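**Student:** what follows is a predicted protein model with its sequence.
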Amino acid sequence: MNDKDTVKQKQLDTYRVTDKGEALTTNQGLRVEDDEHSLKVSPRGPTIMEDFHFREKMTHFDHERIPERVVHARGFGAHGEFELYESLAEYTKAKFLADTSIRTPLFVRFSTVAGSRGSSDTVRDVRGFAVKFYTEEGNYDLVGNNMPVFFIQDAVKFPDFIHAVKPEPPNEIPQASSAHDTFWDFVSTNTESAHMIMWVMSGRALPRSFRMMEGFGVHTFRFINEHGKSHFVKFHWKPKLGVHSLVWDETQKVAGKDPDFNRRDLWNAIEQGNYPEFELGVQILKEEDEFNFDFDILDATKLWPEEILPVRIVGKMTLNRNTDNFFAETEQVAFHVGNLVPGIDFTNDPLLQGRLFSYTDTQLLRLGGPNFSEIPINRPIAPVHNNQRDGMHRMTINQGQTSYHKNSLANNDPAQVPPSEGGYRHYEEKVEGRKIKARSNSFEDHFSQASMFWHSMSPIEQSQIVDAFRFELGKVMSKEIRQRVVDVFSQVAEDLAERIAEGIGATSTKGVAVTPTAISPALSMMTKAKTAATRKVAVMLGTGYHAAEVQALLKELTASKITAEIVSKTIAPVKGADGTLIEPQQSLLTAASVLYDAVYVSGGAQGVDELLSDIASTGFVREAFQHYKAIAAVGDGVRLLISAGVVQAVGEKDTQLNGVLITEEQRTDKAFYKSFIDAIAQHRHWDRIIQPYPIK
Ligand code: HDE
């Protein structure tokens, strides 16, 4: 879907401004003669108040910043569209989910949670996955995360939880990291977080790309059809590129080499026309089946296993346009889990209920008043008419004498709308009970699904989880907290607790773990789609490279939608054996293997010597090897792999070793490139032993 010319885009066009060919003016439209000097009494004298241009420019600058989001401060947005594959009219009267001819414009913002606006992208954290659908019936916001459960069950605990994960108050350390005492103190004293912690310690918290993560609405919502019948529903986003993560060592290095790693990846993919696609899935549950599970469907620390309640794929979101202005769009977009359309409603999930208050409240502070829905990115495409008036930054010029209901002077306009014509009616759920500060007993089991998660992981995912615990707890100063965490996770799985304990000098208790109930293969990232498309390869070469080889390689990579960057000793043009010049995009100084999915070392004796003369070249390859990435080397290029300690010696013509492909012959044949591309599609070669491969 490439059509970017949606109703929303046309609306935004009326606000877009370009300065191309225009005269410089003040905010009053006055043309400015001089923007280089302030008005002074003689060139070396004092600046004078009269310089209204200087005052206006400086005042505006002084007021440029707005408060960052209290959570999800760092994020990145893009425009897109939603198309519906099959009608859900049987379950919901929401038009954009019932009529397959409608394409709905949307804006998405991905984010990390704990870090400040300037923190790096690749930290261990949950990712926000917020989608604003501009539907004909008003804005519908699906404000989700890339994990299907949450840390707490009741919204009243959200400020406590966030205080615990944010940097510690005395010194604002550590930035964008949960590896500190207050976070783990909270986890160990609030065991409802156990299931979510399993997700956060897994690779799900280290996405390779925003384009390669799932999204979840988390809460149970309701669908209401036109007969007023309700079904429970959970929302999912499934990325077409599969679900893939970085490895921990890599994320820490990327955080320094390119703190914008994930946003750059999304931006570039859209600029290159590799539009990210996510399919919308729903799990639907009949009202009468509400109590048929060993968990409470109102408890946001529980998921609905896909094997029990299959995810039905019903549509697709395509992100096809980058923003023109980060602040105007990504920073000012205001999501609200309470922005609904007819056909979708809430449940009594106590986490969801509390969110309904928080989102408007926080925008009032962040965007400075009640008119933030008039900011272009937040404006619905549906017409807005009501009796709300005035306030900070009001844009609309409301005509007419009345701003109240009921009125006789304006014939009661704007008029109320019956549900049959699209008026929103809340689902008339019957509720009764005593007012009470308490939680349902059905929320008490904190460990069964955490255990299900652990037992559904592949061995490599399990060891990554163990390492994550060991890293995080290794940064916790308090021994009591460390021990308490092990005690809590002893209740999830004995082997997990034992392995954590071993790494941090704590003891695990035997015989207290819950009995694992179900296994859910869908929880493992290993079960997800694999493709090499849109991956990024470093092609290392130097003087005397073989042009035919490199051209053939680049052709095959492009055909598979893989991006290649030439990495050489410097970025000065490099001359091939036949005299052709190639301009490297990166040098050994600017590039790092952690910024690529795979490495290819080209042949040519002189070029390989040139690369070898810089120690960074062997480090580059060695690191790609340690991070389980596909590596290929041709001809003399193999020497670089030997020097890097990736392979020990070469004696065979062609060798394939778990994602390392070498051939001593200078080749240009498709079969070799195809094997390399297949190796890239694997994402990582987890079975690789991190020792040089003995070839002979
Ligand atoms: Fe949020 N959350 N949240 N949250 N949340 C915010 O709203 C809050 C929760 C999520 O890209 C804030 O506009 C409470 C769950 C995303 O702009 C704030 C509770 C889920 C984003 C807020 C939760 C989310 C936010 C801060 C517990 C997944 C970023 C700025 C009851 C389903 C949206 C803002 C964007 C942002 C409150 C829990 C997702 C303070 C009180 C669960 C993706 O209102």
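**Tutor:** Done, it's in. Residues are numbered from 1 along each chain as shown.

**Student:** tell me which helix or strand the closest residue to the ligand within the chain sits in.
**Tutor:** Across the chain, the shortest distance to the ligand (Cβ to the nearest ligand atom) belongs to residue 128, at 2.8 Å. The way it works is simple: take the backbone N, C-alpha and C, and place the C-beta from them, glycine included. According to DSSP states H and E, residue 128 maps onto strand 127-135.

**Student:** just checking, residue 366 touches residue 71?
**Tutor:** No - between residue 366 and residue 71 there is no contact, the gap being 11.5 Å when judged by Cβ atoms under 8 Å.

**Student:** higher neighbour count, these two?
**Tutor:** Shown here are residue 366 and residue 71; by other Cβ atoms under 10 Å, residue 71 has more neighbours (19 against 16).

**Student:** can you tell me the helix or strand for the more buried one?
**Tutor:** Taking DSSP H and E as the definition, one finds residue 71 inside no helix or strand.

**Student:** next up, the contacts around it.
**Tutor:** 113-114, 162 (Cβ atoms under 8 Å, 6 or more residues apart in numbering).

**Student:** same deal with residue 410?
**Tutor:** Contacts for residue 410 (Cβ under 8 Å, 6+ apart) come out as 400-402.

**Student:** which one of the residues you listed has the most neighbours?
**Tutor:** residue 402 (16 neighbours).

**Student:** export stretch 413-421 as CSV, just CAs?
**Tutor:** Backbone C-alpha positions of stretch 413-421 (Å, rounded to 0.1, in the frame of the first residue of the first chain) are rendered in CSV as follows:
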residue,chain,number,x,y,z
ASP,A,413,-27.2,22.4,18.0
PRO,A,414,-24.8,20.8,18.1
ALA,A,415,-27.3,17.9,18.3
GLN,A,416,-27.0,14.7,20.3
VAL,A,417,-26.8,11.6,18.1
PRO,A,418,-28.6,8.3,18.8
PRO,A,419,-26.5,5.1,18.6
SER,A,420,-28.3,4.2,15.4
GLU,A,421,-26.6,7.2,13.8
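
**Student:** run the chain-centre distance for it.
**Tutor:** Mean-position distance between stretch 413-421 and its chain equals 39 Å (Cα atoms, centre = their mean, to the nearest Å).

**Student:** cool, stretch 14-24 as well?
**Tutor:** 32 Å.

**Student:** how long is it end to end?
**Tutor:** Taking Cα to Cα, to the nearest Å, the first and last residues of stretch 14-24 lie 20 Å apart.

**Student:** what does that stretch rub up against?
**Tutor:** Identification of contacts with stretch 14-24 by Cβ under 8 Å, 6+ apart yields 31-32, 35, 324, 376.

**Student:** that older thread, what's the closest of the contacts of residue 410 to residue 542?
**Tutor:** The closest of the contacts of residue 410 to residue 542 turns out to be residue 400 (Cβ to Cβ; 74.3 Å).

**Student:** distance check, the closest one against residue 390.
**Tutor:** From residue 400 over to residue 390 the distance is 14 Å, taken as Cβ to Cβ, to the nearest Å.

**Student:** check residue 329 too.
**Tutor:** Using Cβ to Cβ, residue 329 is found at 26 Å from residue 390.

**Student:** who's more crowded, these two?
**Tutor:** Between residue 329 and residue 390, counting by other Cβ under 10 Å, residue 329 is the more crowded of the two (21 against 10).

**Student:** shouldn't the more buried one be in contact with residue 107?
**Tutor:** Yes - using Cβ under 8 Å, residue 329 is in contact with residue 107, at 7.2 Å.

**Student:** between these two, which contacts overlap?
**Tutor:** 77, 377.

**Student:** could you report the neighbour count for residue 110?
**Tutor:** Residue 110: 28 neighbours (other Cβ under 10 Å).

**Student:** residue 664 too?
**Tutor:** 19.

**Student:** please read off the pLDDT at it from the model.
**Tutor:** Looking at residue 664, its pLDDT reads 85.

**Student:** try residue 696
**Tutor:** 56.

**Student:** contacting residues around the one helix or strand in the chain whose mean pLDDT sits lowest?
**Tutor:** None of the helices or strands of the chain scores lower by mean pLDDT, DSSP states H and E than strand 654-657, at a mean of 75. For strand 654-657, the surrounding residues in contact (Cβ under 8 Å, 6+ apart) are 647, 661-663, 665, 672, 675, 679, 693, 695.

**Student:** same list (these) but as TSV, adding distance to the ligand, secondary structure and neighbour count.
**Tutor:** Shown next, in TSV, are these (distance: Cβ to the nearest ligand atom, whole Å; DSSP: H, G, I helix; E, B strand; the rest coil; neighbours: other Cβ atoms under 10 Å):
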residue	distance to the ligand	secondary structure	neighbour count
647	45	strand	20
661	40	strand	21
662	45	strand	26
663	47	strand	22
665	52	coil	11
672	44	helix	22
675	40	helix	17
679	35	helix	21
693	43	strand	18
695	49	coil	17
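
**Student:** hmm, back to that, filter the contacts of stretch 14-24 to the buried ones?
**Tutor:** The neighbour-count test (16 or more other Cβ atoms under 10 Å) applied to the contacts of stretch 14-24 identifies residue 376 as buried.

**Student:** just send the contacts of stretch 14-24 back as a markdown table, with distance to the ligand and pLDDT too.
**Tutor:** Compiled in a markdown table, the contacts of stretch 14-24 are given as follows (distance: Cβ to the nearest ligand atom, whole Å; pLDDT from 0 to 100):
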| residue | distance to the ligand | pLDDT |
| --- | --- | --- |
| 31 | 38 | 98 |
| 32 | 36 | 98 |
| 35 | 35 | 97 |
| 324 | 18 | 98 |
| 376 | 16 | 98 |
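
**Student:** out of the contacts of stretch 14-24, which comes closest to residue 471?
**Tutor:** Distances from residue 471 to the contacts of stretch 14-24, taken as Cβ to Cβ, are shortest for residue 324 (39.8 Å).

**Student:** returning to what we had before: any buried residues in the strand holding residue 128, and which?
**Tutor:** Neighbour count says strand 127-135 has 127-135 buried, by 16+ other Cβ under 10 Å.

**Student:** so what are the domain limits for the chain?
**Tutor:** Following automatic domain parsing, the chain resolves into domains at 37-64, 75-378, 452-527, 536-681.

**Student:** need these in JSON lines (columns: distance to residue 688).
**Tutor:** Shown next, in JSON lines, are those (distance: least, Cβ to Cβ, whole Å):
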{"stretch": "domain 37-64", "distance to residue 688": "48"}
{"stretch": "domain 75-378", "distance to residue 688": "12"}
{"stretch": "domain 452-527", "distance to residue 688": "10"}
{"stretch": "domain 536-681", "distance to residue 688": "5"}
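
**Student:** element containing residue 79?
**Tutor:** strand 75-84.

**Student:** and after that strand, which helix or strand comes next?
**Tutor:** Downstream of strand 75-84 (by DSSP H and E), the next one is helix 95-98.

**Student:** run the angle between the helix or strand just after that next one and strand 127-135 for me.
**Tutor:** Downstream of helix 95-98, the first helix or strand assigned by DSSP H and E is strand 103-112. On the basis of axes from the mean of the first three to the mean of the last three Cα atoms, to 10 degrees, strand 103-112 is oriented at 160 degrees to strand 127-135.

**Student:** quick one, strand 103-112 and strand 75-84 angle?
**Tutor:** Inter-element angle recorded for strand 103-112 and strand 75-84: 150 degrees (by the same axes, to 10 degrees).

**Student:** distance of residue 397 from residue 390?
**Tutor:** Distance from residue 397 to residue 390, by Cβ to Cβ: 12 Å.

**Student:** swap in residue 221?
**Tutor:** Taking Cβ to Cβ as the measure, residue 221 and residue 390 are separated by 34 Å.

**Student:** and of the contacts of residue 71, the nearest to residue 208?
**Tutor:** residue 113 (18.3 Å).

**Student:** which residues are contacting the helix or strand in which residue 194 is found?
**Tutor:** Using DSSP H and E, residue 194 sits in helix 194-200. Outside helix 194-200, the residues that touch it by Cβ under 8 Å, 6+ apart are 124-126, 147-151, 178, 187, 205, 301-302, 446-447, 449-450, 453-454, 465, 488-489, 491-492.

**Student:** of those residues, list those near the ligand.
**Tutor:** Residues of the contacts of helix 194-200 in contact with the ligand (Cβ under 6 Å from any ligand atom): residue 150.
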